[in-house]
Every structure is written in C-alpha cells, then in structure tokens.
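Visitor: Need a 3D model of the sequence below.
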Amino acid sequence: MGEIILVVIGILIALSINKLNNSYQNSKKEIIILSEIRENLVADTIQINRIAKFHKTKKKEIYSILHLISQNKPSEENRNTLLKYFTTGTIFEIKEFHSKSVGYANLINSGNIELIKERKLRNLITQYYLSTSKNIGAMEVAKNNTRQFKEYIIPKTISNWSLKKLTGLDFELENQEYVVGLNNDKKAISSLMQMSMQIDFSGSVLSEFQKNIKDLINRIDLKIKTTDK
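Guide: Model prediction:
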C-alpha cells in the first residue's frame, strides 16, 4: 500500500511539473505573439500618420483647384497652377491603408488563439483586424471615384498650350481655355467635393483605428510587464 501511495504521489508530482512546464511554455508563446502584434500595430500607426499627412496636402490642393475654378480667369498664372495640380500634384493619387497583420495571421493560422489568455484583449485584437479588413471596400470606392475624375478631367485640360508646356511639341488641336468653363461644370466640381468628403470620412476611420491601436498597445504592454514579473 505504501509503495502504491508513493507511485501515485510521484505521478501527481510529474503531472503537476508537466502542467507547470506547459503553462510556462504557453506564456512564453503568448508574449512572443503579443510582441509581434505590437510591432505590427506600431507599423500601422506610422502608416496612418503618413496617410493623414498626405490627406492634408490633397485636401489643400482640392480647395486650391476649386478656388481657381471659381475665379474663372484665364491668366497665365492660373493656367500654370492648374496644370501643375493636374500633372504633379496629389489630386489623382490615393494612399490606401493596409494593416500589417502578420502577427495576427500567424496566431489565427496556428489555431492557438487561446494562447492569449485574457479574453478582453483577445476580443479587442480580433475586432481591430476585422474592422481594418472592412475598410477595404471604402478604399475601393475612393479609388474608383478618383479614377473616374481623372478620366473625365484630363481631356478637358488638353490644349495646344498645355501640351507645348509639358512636351515642348506643337499640335493642331482646337484651342480651349480649360480655366474658363469649369466653374459651371457640375460633374467636375461635385467630383472634387466628393473626394474632399471621402478624405474626411477616411480620416475619421483612421482616427478611430489610431485610438484602438493606442488602447491595444497599452494593454499588450501591461500584459507583457505583468507576465515578466
């Protein structure tokens, strides 16, 4: 009986040690994956800041173009400024936000999402990456609107003067003054306003992402700090 009791005690001790070891290994894996997710979140913050800077520049250019159109004056300065916006400006550019989700993808693909033991933190991480994936549709709409505006406005800006300015070559096109006439072009004006509103909408979405990122990083830092102790 004594030997049996000793064997049972030995088995229980071995199981306890194995359980502690597994718990320790899982904690190490949790910290590794959380650290990777944290790095991805920091990268997202940097990307959002760059996009916000770009949006500020683009919106400023949009209102400058609207101002020029509203003046309806075919001066050399106005022509040069408008041509510059339509050739080297940001008006036809789009900066898309693509969340860096390598850490989260590794977690999901491993099938070990339960490694993140704190349910609240786990749910917040999942919600963040689901929300960033849903933003793709809005970005596609912005890209299509920008492309359609470009296809519409470029032919209106082509003239002998603009081609000579850009290429140094002479063409026999019908002369047109593209500064005059755009001030009553509803499609051009509405497209510019629509792009401006899309920038505002995108800015509000990215601002919300920023808040979520900040909260997640704080929670991850607290978790790592607590686990290290």
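Visitor: ok now do residue 202, which residues does it touch?
Guide: By C-beta atoms under 8 Å, 6 or more residues apart in numbering, the contact set of residue 202 is 51, 55, 97, 138, 139, 142. Where you see a C-beta, it was placed from the backbone N, CA and C, and this is true even at glycine.
Visitor: Of these, which one scores lowest on pLDDT?
Guide: The lowest pLDDT within the contacts of residue 202 belongs to residue 138, with 79.
Visitor: for the helix or strand harbouring that one, which positions count as buried?
Guide: Assigned by DSSP states H and E, residue 138 falls within helix 119-157. Using 16 or more other C-beta atoms under 10 Å as the test for burial, helix 119-157 gives 121, 124-125, 128-129, 132, 135, 139, 142, 146, 149, 153, 157.
Visitor: do the same with stretch 94-110
Guide: Buried, per 16+ other C-beta under 10 Å, within stretch 94-110: 94, 95, 97, 99, 100, 101, 103, 104, 107.
Visitor: Also stretch 38-47?
Guide: The neighbour-count check on stretch 38-47 (16+ other C-beta under 10 Å) flags 38, 40, 41, 44, 47 as buried.
Visitor: Columns pLDDT and secondary structure on top of those, output as TSV?
Guide: Output for the buried residues of stretch 38-47, formatted as TSV (pLDDT from 0 to 100; DSSP: H, G, I helix; E, B strand; the rest coil):
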residue	pLDDT	secondary structure
38	94	helix
40	96	helix
41	96	helix
44	96	helix
47	95	helix
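Visitor: Which single one of those residues is nearest to residue 227?
Guide: For these, the residue nearest residue 227 by C-beta to C-beta is residue 38; the value is 13.2 Å.
Visitor: Test my guess that the closest one contacts residue 222.
Guide: No. Contact status for residue 38 versus residue 222: not in contact, 11.5 Å apart, counting by C-beta atoms under 8 Å.
Visitor: so what sits against both of these two?
Guide: With C-beta under 8 Å, 6+ apart as the test, residue 38 and residue 222 reach no residue in common.
Visitor: on that earlier part again, among the buried residues of stretch 94-110, name the ones in helices.
Guide: Of the positions in these, 103, 104, 107 sit in helices, assigned by DSSP state H.
Visitor: Output the contacting helices and strands for the lowest-mean-pLDDT helix or strand in the chain.
Guide: Least confident helix or strand of the chain, by mean pLDDT, DSSP states H and E, is helix 160-167 with a mean of 75. Judged by 3 or more C-beta pairs under 8 Å, 6 or more residues apart in numbering; DSSP states H and E, helix 160-167 is in contact with helix 76-88.
Visitor: what residues are up against residue 38?
Guide: 103, 216, 217, 220, 221.
Visitor: Of those, keep whichever come out buried.
Guide: Looks like the contacts of residue 38 have 103, 216, 220 buried, using 16+ other C-beta under 10 Å.
Visitor: would a markdown table of those with pLDDT and distance to residue 81 be doable?
Guide: A markdown table is the format used below for the buried ones among the contacts of residue 38 (pLDDT from 0 to 100; distance: C-beta to C-beta, whole Å):
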| residue | pLDDT | distance to residue 81 |
| --- | --- | --- |
| 103 | 91 | 46 |
| 216 | 95 | 44 |
| 220 | 93 | 48 |
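Visitor: and which of the residues you listed is nearest to residue 63?
Guide: Out of the buried ones among the contacts of residue 38, the member with the shortest distance to residue 63 (by C-beta to C-beta) is residue 216, at 34.9 Å.
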